[in-house]
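In: Prediction below, plus the sequence it came from.
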Amino acid sequence: MKRLGNTLRSGLVCLMLVGLTTLAAPGVLAAGVEVGNGYSTSNDPQQAGAEAAAKAKAAIGDSQAKVVLVFDSVGQGIPAKQAMLQGVASVFDASIVYGCSAYAPITQDCNTGTVGVLAIGGDVRATAAMADLEGGHEACGKRIGEALKEAAAAESAGRVVLLFGACHVPANDKLVGGLNSVLGEKFPVVGGAAKDDLLYYQGKVFSQNNLGLLLRGDFTCSFAAKNAPTKQKDRVIVVAGEAAEQALGGRQDDALLVFAFDCGGRRGQMGGDVDKELGVMKAAAGKNPIFGFYGSGEIGPKDNDSAPSGVAYHVIICAILAK
């Protein structure tokens, strides 16, 4: 478990709109921001979901999870994914479970597993908005932005939107463009495109939708995005460590969590050496938890001064740091 000691409000309220679903979180005082993650290598969807979730719950300790993220590559199709989510829901309340399908989840312990689960508790406010693709990805991003706008404008030390779903590159750039046309050109956004376009919202599987999950708390975000100018395996691996080092900026002791959104194509280029990429990320992150996935297009700014965009063949790192 990783913890930052400050105070914020959190709780859960649900709101349903036509073509759009949002979850807002104002409310109860808690102490500290706490995270814990876990993974599974099982090929049985329900077992893998339950195993990864149980590890995440053990890692977060006595803290109550406020939001749970799930990225997975287990099974094929909606029935298998729903079974996996049932496994996660045997440990955590399904109403706080979000995520998407992936080529593989990424945790500090494994980037070749089938399911990864991250639990976030304590001093964090979460607001989620899901929208379908009617009118295209830019319009979808705008609807998500409008749903998050009020919460995003609320006073808070740290803000970041995790954005993922059916936004295979190059649609990812249109999606983030639509979102930021509402929230602001440089509003911090990071994420990736789901494999097979499958999105998880409140413990259920959706197709042809995108999700924005706004996290607010007493933290700061630091970003880096890198791509290898060559397909040479060693160079593809090295840039992941460079991105993590840039995002952390020597502040490993202040870090809460390192988000990693990586390209499935890069994963293919690394082949059997994909574990070496995790090794260079861990060397940069130290003992801090890492969480993310290999997807079909990445979202984020190249550095702290840039506007986020949708790209391909990149690894994008977002370090969540103490204020």
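Out: Perfect, I can see it now. Source: prediction; values computed, not measured. Numbering: from 1, shown residues only.
In: Check which residues of stretch 121-134 are buried.
Out: 121-133 (16 or more other CB atoms under 10 Å). Placement of C-beta: from N, CA and C, glycine included.
In: how about the helices in this protein?
Out: Assigned by DSSP state H, the chain shows helices spanning 45-60, 77-89, 137-153, 171-183, 233-248, 264-270, 274-285.
In: and the shortest one, how far from the chain's centre?
Out: Shown here is helix 264-270, whose average C-alpha point lies 19 Å from the average C-alpha point of the whole chain (CA atoms, centre = their mean, to the nearest Å).
In: C-alpha coordinates for that helix, CSV please?
Out: Written as CSV, here are the backbone C-alpha positions of helix 264-270 (Å, rounded to 0.1, in the frame of the first residue of the first chain):
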residue,chain,number,x,y,z
GLY,A,264,0.5,-3.0,-28.1
GLY,A,265,2.7,-2.6,-31.3
ARG,A,266,5.7,-1.8,-29.1
ARG,A,267,4.9,-4.9,-27.1
GLY,A,268,5.1,-6.9,-30.3
GLN,A,269,8.4,-5.4,-31.2
MET,A,270,9.9,-6.4,-27.8
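In: My guess is Gln269 contacts Val236. True?
Out: Yes: between Gln269 and Val236 there is a contact under CB atoms under 8 Å: 5.0 Å.
In: picking up where we left off before, tabulate the helices of the chain in CSV, adding columns for distance to Asp109.
Out: Converted to CSV, the helices of the chain look like this (distance: least, CB to CB, whole Å):
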stretch, distance to Asp109
helix 45-60, 9
helix 77-89, 17
helix 137-153, 32
helix 171-183, 28
helix 233-248, 16
helix 264-270, 17
helix 274-285, 9
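In: Specify which member of the buried residues of stretch 121-134 is nearest to Ala228.
Out: Set against Ala228, the nearest of the buried residues of stretch 121-134 by CB to CB is Leu133 (31.1 Å).
In: Could you double-check that that closest one lies in contact with Phe206?
Out: No: with contact defined as CB under 8 Å, Leu133 does not reach Phe206; the gap is 11.0 Å.
In: still on that earlier bit, dump the helices of the chain to TSV, plus distance to Asn210, mean neighbour count and mean pLDDT.
Out: Formatted as TSV, these follow (distance: least, CB to CB, whole Å; neighbours: other CB atoms under 10 Å; pLDDT from 0 to 100):
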stretch	distance to Asn210	mean neighbour count	mean pLDDT
helix 45-60	22	23	98
helix 77-89	17	20	98
helix 137-153	5	21	97
helix 171-183	6	23	98
helix 233-248	24	21	97
helix 264-270	18	19	96
helix 274-285	26	19	97
